[in-house]
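[1] Return atomic coordinates for the entry below.
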Amino acid sequence: MQAYKKQPLSLALLIAVSLAALLTVVILLSLIAYILIKGIPNLSIDLFAWTYTTENVSMTPAIINTITMTLLSLLIAVPIGVFSAIYLVEYARRGNKLVKVVRLTAETLSGIPSIVYGLFGYLMFSIALGWGYCLLAGALTMAIMILPLIMRTTEEALKAVPDTYREGSFGLGAGRLRTVFRIVLPSAMPGISAGIILAIGRIVGETAALIYTAGTVAGIPKNLLGSGRTLAIHMYALLNEGLYMEQAYATAVVLLVMVVGINALSSFIARRVGTKEEIR
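    Numbering: from 1, shown residues only. The predicted structure is shown next:
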């Protein structure tokens, strides 16, 4: 405190930062408490029936569709995003103009509204390719949407790995490919997993892009070319109809638990993978 007394501006900044952090935590806890208070009393067994009807308004098909959409989108976007970042950081020459163009493009794509992605996916996959409303069209659209996020976070994570790690590996006779996959990637895994977790949150909570591509059918499609609504779209539809407000709050509780669970599982897997690679 003696140092802050000599520098009043530093004390003011400390107070401002502390208040901002406190306000953020209070808002987050308030939202969670509101959702739980309004939603938990409305949870019932009928909401988890296997088949959706207008009587039970089951969310089980939406839960299955959400998990399918998340896994499929990540299966497409993560390899492309991670390998692109590896090329930009580890293989491309520093100062390369192509690298600057790719980074500028990724940052630009990150700022595009989701409804624009939805319109693009609708025109490209649903109309031009003739797929109609289907999970595959939604997954491809979501993969394009989260690709810049995964690529940029992976790139920053790789750049944060000290060059001494690479130099030590090269000094022991390892090639560039082995160095990247055995030394650099395990060290960058926390940053990469953070990007993947953010991408999962965006997929699970997305509505605008998926309404135009995956559709709003309240059922489990027989294949990836069938239409189906995710949990976020299911909640939006219930609220929009205005007849199932209690069920919509219950859906919000399940959506919140689902997001937290998927993020925790992703973090656990990332930590285990990173730990195993470091041991090796």
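
[2] Can you tell me the centre-most residue of the chain?
    Ala199 (1.6 Å; Cα atoms, centre = their mean).

[3] Assign that residue to helix, strand or coil.
    On the three-state scheme (DSSP: H, G, I helix; E, B strand; the rest coil), Ala199 is labelled helix.

[4] What confidence value was assigned to it?
    pLDDT for Ala199: 88.

[5] any weak-confidence spans in the stretch 1-150 of the chain?
    1-8 (pLDDT under 70).

[6] mind redoing it with 80?
    1-11, 54, 92-96 (pLDDT under 80).

[7] Now do the helices in it.
    Using DSSP state H, counting those that start in this stretch, the helices of the stretch 1-150 of the chain run over 2-6, 8-39, 60-86, 97-110, 114-121, 135-159.

[8] quick one: which of the ones you listed is nearest Ala49?
    helix 60-86 (6.3 Å; Cβ to Cβ). Backbone N, C-alpha and C define where each C-beta goes, glycine included.

[9] distance between that closest one and the chain's centre?
    Centre-to-centre, helix 60-86 and its host chain are 9 Å apart (Cα atoms, centre = their mean, to the nearest Å).

[10] So Gly81 sits against Ile150, correct?
    Yes. In this structure Gly81 lies within contact range of Ile150 using Cβ atoms under 8 Å: 3.3 Å.

[11] Overlap of the contact sets of the two?
    Gly195 (Cβ atoms under 8 Å, 6 or more residues apart in numbering).

[12] The residue nearest to the centre of the chain touches Leu74, doesn't it?
    Yes. Between Ala199 and Leu74 a contact is recorded at 6.9 Å, counting by Cβ under 8 Å.

[13] on contacts alone, who are the packing partners of the helix or strand where Met258 lies?
    Using DSSP states H and E, Met258 falls within helix 245-279. Packing partners of helix 245-279 (3 or more Cβ pairs under 8 Å, 6 or more residues apart in numbering; DSSP states H and E): helix 8-39, helix 60-86, helix 185-205, helix 231-241.

[14] Reduced to three states, what does Gly226 come out as?
    Gly226, by the three-state scheme (three-state DSSP), is coil.

[15] Tell me how far it lies from Leu255.
    Distance of Gly226 to Leu255, given as Cβ to Cβ, to the nearest Å: 22 Å.

[16] repeat for Ala237
    Computed as Cβ to Cβ, the Ala237 to Leu255 distance reads 13 Å.

[17] What of Val116?
    24 Å.

[18] In terms of neighbours, single out the busier of these two.
    Leu255 (23 against 13; other Cβ atoms under 10 Å).

[19] Skipping its backbone neighbours, what lies nearest that one in space?
    Using Cβ to Cβ, 6 or more residues apart in numbering and skipping the chain neighbours, the partner closest in space to Leu255 is Leu231 (5.0 Å).

[20] and that neighbour, what pLDDT?
    Reported pLDDT for Leu231: 88.

[21] Verify the contact between it and Ala62 for me.
    Yes. Contact status for Leu231 versus Ala62: in contact at 4.5 Å, counting by Cβ under 8 Å.

[22] shared neighbours, those two?
    Shared contacts of Leu231 and Ala62, counting by Cβ under 8 Å, 6+ apart, come down to Thr251.

[23] Tell me, how many residues neighbour the closest residue in space to the residue nearest to the centre of the chain that isn't next to it in sequence?
    Of all residues not flanking Ala199 in the chain, Ile146 sits nearest, at 4.0 Å (Cβ to Cβ, 6+ apart). If you count neighbours by other Cβ under 10 Å, Ile146 ends up with 27.

[24] Now for Ala137: which residues touch it?
    Ala137 neighbours (Cβ under 8 Å, 6+ apart): Gly121, Tyr122, Phe125, Ser126, Leu129, Trp131, Thr213, Ala214.

[25] run the last query once more with 10 Å
    121-122, 124-127, 129, 131, 210, 212-215, 224-225, 227 (Cβ atoms under 10 Å, 6 or more residues apart in numbering).

[26] cool, Gln247 as well?
    Counted by Cβ under 10 Å, 6+ apart, Gln247 has contacts 39, 42-44, 46-47, 56-59, 234-235, 238-239.

[27] so how far is Leu225 from it?
    Counting by Cβ to Cβ - Gln247 and Leu225 are separated by 29 Å.
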